[in-house]
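Chemist: Show me how the following folds:
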Amino acid sequence: MDVTGLGHATAARAVKGVARAEAMGKASGYGLPCANCHLYYPASLDSCPTCNSKERVSPKVVPPVRKAQATAEPAPDNAVLEQEREAFLKEFKSQLFAAHAEVANAPVLCSLTEHHANESEPATICKPCYDRLQERVDVCEAALHIDLKEAAQIVYDAVWADPSDPAKTYSNAAAALLSELRKRSGVSSLLGPFQPLGN
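Modeler: This next block holds a predicted model:
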């Protein structure tokens, strides 16, 4: 064995440790690290092959943490603490009421700004009512999109339903067409200022 690069004593100890492990007939696992140089070396060796220290340390040595001595703050007086809480609550409530009043008094502007040329006006209808009215308008608009053939059939049926009086054929046709449009749009047939009285 060439030991020119190693110290003779270190090489001799390493050879002795390997020889001891071979003499035992089985390989030994690594033991705890050296306390001096922290090198892990086989458990079968009595001393560290690097620094010859015989002490080993636990691999999970946690350095002791110095506890900072906390200066004990004096406990605040309960009466002072209660006064501070009350003052905070009063200020918080006043800010909350001011914010609520600001929101309640703020004008609610129209959300359909594309229909406004100049300035938006304050909204005077709530969103659920607007949605309900929009649905009604959509139904009325759909009723006005009656098919030409259907409208012609309604007029034809009305004209030939009562051919006895030719002066009433136009009014019968108009009444039948309006009646169909009202039925489709869901408009009630209540009498109003623009509806003629029936016979």
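
Chemist: Can you tell me which helices and strands the one helix or strand Tyr130 maps to packs against?
Modeler: Using DSSP states H and E, Tyr130 maps to helix 127-144. On a contact count with 3 or more CB pairs under 8 Å, 6 or more residues apart in numbering; DSSP states H and E, helix 127-144 meets helix 169-185. Where you see a C-beta, it was placed from the backbone N, CA and C, and this is true even at glycine.

Chemist: Give the buried residues for the helix it packs on.
Modeler: Thr169, Asn172, Ala173, Ala176, Leu177, Glu180, Leu181, Arg184, Ser185 (16 or more other CB atoms under 10 Å).

Chemist: Need those residues in a markdown table (columns: distance to Glu150).
Modeler: Shown next, in a markdown table, are these (distance: CB to CB, whole Å):
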| residue | distance to Glu150 |
| --- | --- |
| Thr169 | 19 |
| Asn172 | 17 |
| Ala173 | 14 |
| Ala176 | 12 |
| Leu177 | 10 |
| Glu180 | 8 |
| Leu181 | 11 |
| Arg184 | 10 |
| Ser185 | 14 |
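
Chemist: Tell me the one of those nearest Ser94?
Modeler: Set against Ser94, the nearest of the buried residues of helix 169-185 by CB to CB is Ser185 (53.3 Å).

Chemist: Verify the stated contact: that closest one with Asp138.
Modeler: No - taking contacts as CB atoms under 8 Å, Ser185 lies outside contact range of Asp138: 10.0 Å.

Chemist: Could I get the full set of strands for this protein?
Modeler: Applying DSSP state E to the chain gives strands spanning 30-33, 40-42.

Chemist: Of those, flag the one that's most buried.
Modeler: Scoring these by mean neighbour count under mean count of other CB atoms under 10 Å gives strand 40-42 as the most buried, with a mean of 16.

Chemist: pLDDT averaged over it - what is it?
Modeler: Averaged across strand 40-42, pLDDT comes to 82.

Chemist: Can you tell me how far the spatially closest residue to Ser58 that is not a sequence neighbour is from Lys54?
Modeler: Nearest non-adjacent residue to Ser58, counting by CB to CB, 6 or more residues apart in numbering: Leu32, 6.5 Å away. Distance, Leu32 to Lys54, using CB to CB, to the nearest Å: 12 Å.
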